[in-house]
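>>> Generate a structure from the sequence data that follows.
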Amino acid sequence: MKKFILAALLLGLAGPLLAAGQTFRWLENGIARHAIIDPDTRASITTTAANGLTVSKQDKGVRFYRTDTARSRQLAARQPDLLPVLREGKTNKGPWLLPVGGVVVRTQDEAALAAWAKQQGLSVQASAVNGYWLVQTAPGEAALKVTSQLLQLPGIQTAAPNWSGPKEKR
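Here you go, the predicted structure:
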């Protein structure tokens with residue numbers, strides 16, 4: 001019984017970081033992609049620093065915070081503007097991705113998408129590219145959750161969070 005209470009307490013403190021280390025999957029133009037949720041890092045794209053957390057690095061306007069201790073995970077869980085950091089590939093060493101809000105969807109059945117979004121209390125916005133839509137969500141885990149839900153719907157060819165990632169020179 002004591003072990004159960006301790007486990008429940010730890011799960012409650014972990015909050016949104018509970019999925020850290022898990023693989024997240026999405027579709028881009030029919031191609032399955034995946035990334036690992038970095039268990040030791042959260043990020044911010046705002047100019048406000050996270051209280052009590054150590055900045056591990058900065059990359060073109062994005063601040064990364066270490067969340068590799070129980071105390072830092074607790075602090076991060078209390079700051080909803082911190083985003084989960086996903087690493088492309090099979091390890092947490094790949095290029096970073098941040099779900100900054102919204103889900104990019106490709107479908108030929110816009111009416112079905114709009115009806116589903118309305119049921120979920122979400123709005124859909126047309127993109128500049130024919131056949132692509134942006135389902136409006138909050139940043140972070142909300143975008144990941146909606147992406148997973150959209151992948152279950154028939155007729156969805158692409159469902160990917162609206163990502164921010166490292167800038168590359170062209």
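>>> and the strand of greatest length in the chain, which strands flank it?
Longest strand in the chain, counting residues (DSSP state E): strand 31-44. Using DSSP bridges, the strands paired with strand 31-44 are strand 23-28 (antiparallel), strand 62-66 (antiparallel), strand 83-88 (antiparallel).
>>> what sits against Pro80?
Gly140 (CB atoms under 8 Å, 6 or more residues apart in numbering). In this view, the C-beta of every residue, glycine as well, is placed from N, C-alpha and C.
>>> Pull up the per-residue confidence for it.
For Pro80, the pLDDT comes out at 83.
>>> looking at this, it is in a helix?
No - counting by DSSP: H, G, I helix; E, B strand; the rest coil, Pro80 is located in no helix; its state is coil.
>>> how close does it sit to Ala50?
11 Å (CB to CB, to the nearest Å).
>>> for the protein, which spans come out with low pLDDT?
Flagging of the chain using pLDDT under 70 yields the residue ranges 1-21, 91-92, 168-170.
>>> if we can go back for a sec, looking at the strands paired with strand 31-44, which one is packed in the most?
For the strands paired with strand 31-44, the largest average neighbour count (mean count of other CB atoms under 10 Å) is found in strand 83-88, namely a mean of 22.
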